[in-house]
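*Asks:* Have a look at this fold, sequence not included:
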C-alpha cells in the first residue's frame, strides 16, 4: 500500500539553526506533494506544494522543499528557524490527482528561544 | 482565513449522546473532506464527498455518518458518543483533484 513516512516525530532546535524535515513516499506514479503546517491551537494550512516543473519549491515564511524523484523524497528545509516556527508539520502526497491525500504522521517542531 | 467555515467551534456533551458538526466549503469548491485529530491517533481521514456524492471513506466508525447537501455544505453526525471520540474534527474543501486542501478551524468535541 502507498504510504508517506516522516522520519522524525519530534525535533527540537534552537533559534537560527537550520532545519530539514524528511518525507518519503512509496509510489511510482505521478504525485502532487504538499507540506502543511499546524501552529499551536490552529488549523492546518498549506506551507508549500509541488505539482510539476522546478523540483525546488518555495513556500511561505522562508520554507522550501526539494522533490527528488529518484529518492521518492520531498524534504522540507529552512536555513534559519525562528521561535514562531514552532508547529507540527505534515507531509502529504496526492496520487495521480485522484482527490485523495496520503498523510505522513507529522513532525512536531519545537524552537527554543 | 481559509474560507471554510465550521460550526460549532466547541462542543461539550455526554457519553451516549449525538452531535452534528457543520461545514461550509469555500465558494466554488465541490469536495469536502472530514478529518479527526486526537492526541493519541493523530490526523485521521474520515470521509470525502464530491458534489453530493460520497467519494472516499477512511477510518470512519459506523456510529459516524456524513452527507453533503445540494448547496455543498456538509454535516458530520456522531452518535452513541464515547469518551474516545473527544477530538478536533476538521473539515477541508478543494476545488479540483490535486489534493490541495483548505481547512476550517475545526470543531473541538469533548465527551464527558
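*Replies:* Received the coordinates, thanks. Because the structure is a prediction, the values reported are computed rather than measured.

*Asks:* What about residue B:57, how many residues nearby?
*Replies:* By other CB atoms under 10 Å in any protein chain shown, the residues close to residue B:57 number 11. Just so you know, the C-beta spots here come from the backbone N, C-alpha and C atoms, and that holds for glycine as well.

*Asks:* is it true that it touches residue B:44?
*Replies:* No - using CB atoms under 8 Å, residue B:57 is not in contact with residue B:44, being 11.8 Å away.

*Asks:* Please work out the residue of chain A nearest to chain B and name it.
*Replies:* With CB to the nearest CB, the shortest gap between chain A and chain B falls at residue A:94, namely 2.7 Å.

*Asks:* Return the residues in contact with residue 15.
*Replies:* Picking chain A for this. With contact set as CB atoms under 8 Å, 6 or more residues apart in numbering or on different chains, residue A:15 has these partners: A:81-83, A:111-113.

*Asks:* you looked at the wrong chain, it should be chain B
*Replies:* Counted by CB under 8 Å, 6+ apart, residue B:15 has contacts B:81-83, B:111-112.

*Asks:* Report the two of those residues separated the most.
*Replies:* With CB to CB as the measure, no two of those lie farther apart than B:82 and B:112, at 11.1 Å.

*Asks:* thinking again about what came up before, of the contacts of residue A:15, buried ones?
*Replies:* Among those, those classed as buried by 16 or more other CB atoms under 10 Å in any protein chain shown are A:81, A:111.

*Asks:* So which of the contacts of residue A:15 belong to strands?
*Replies:* Within those, residues falling in strands by DSSP state E are A:111-112.

*Asks:* sec struct for the residue nearest the centre of chain B, please.
*Replies:* Residue closest to the average C-alpha location in chain B (CA atoms, centre = their mean): residue B:34, at 3.4 Å. Using DSSP: H, G, I helix; E, B strand; the rest coil, the structure places residue B:34 in strand.

*Asks:* Contacts only, for it.
*Replies:* B:23, B:45-48, B:60, B:66, B:74, B:76, B:89-91.

*Asks:* Flag every residue of chain B that's near chain A.
*Replies:* Counting by CB under 8 Å from any CB of the partner chain, the positions of chain B adjacent to chain A are B:2, B:31, B:42-43, B:45, B:48, B:50, B:55-56, B:90, B:92, B:94, B:96-106.

*Asks:* Give the ChimeraX command for selecting the buried subset of those.
*Replies:* Buried residues within these, by 16+ other CB under 10 Å, are selected in ChimeraX with:
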select /B:2,31,43,45,48,50,55,90,92,94,97,98,99,100,101,102,103,104,105,106
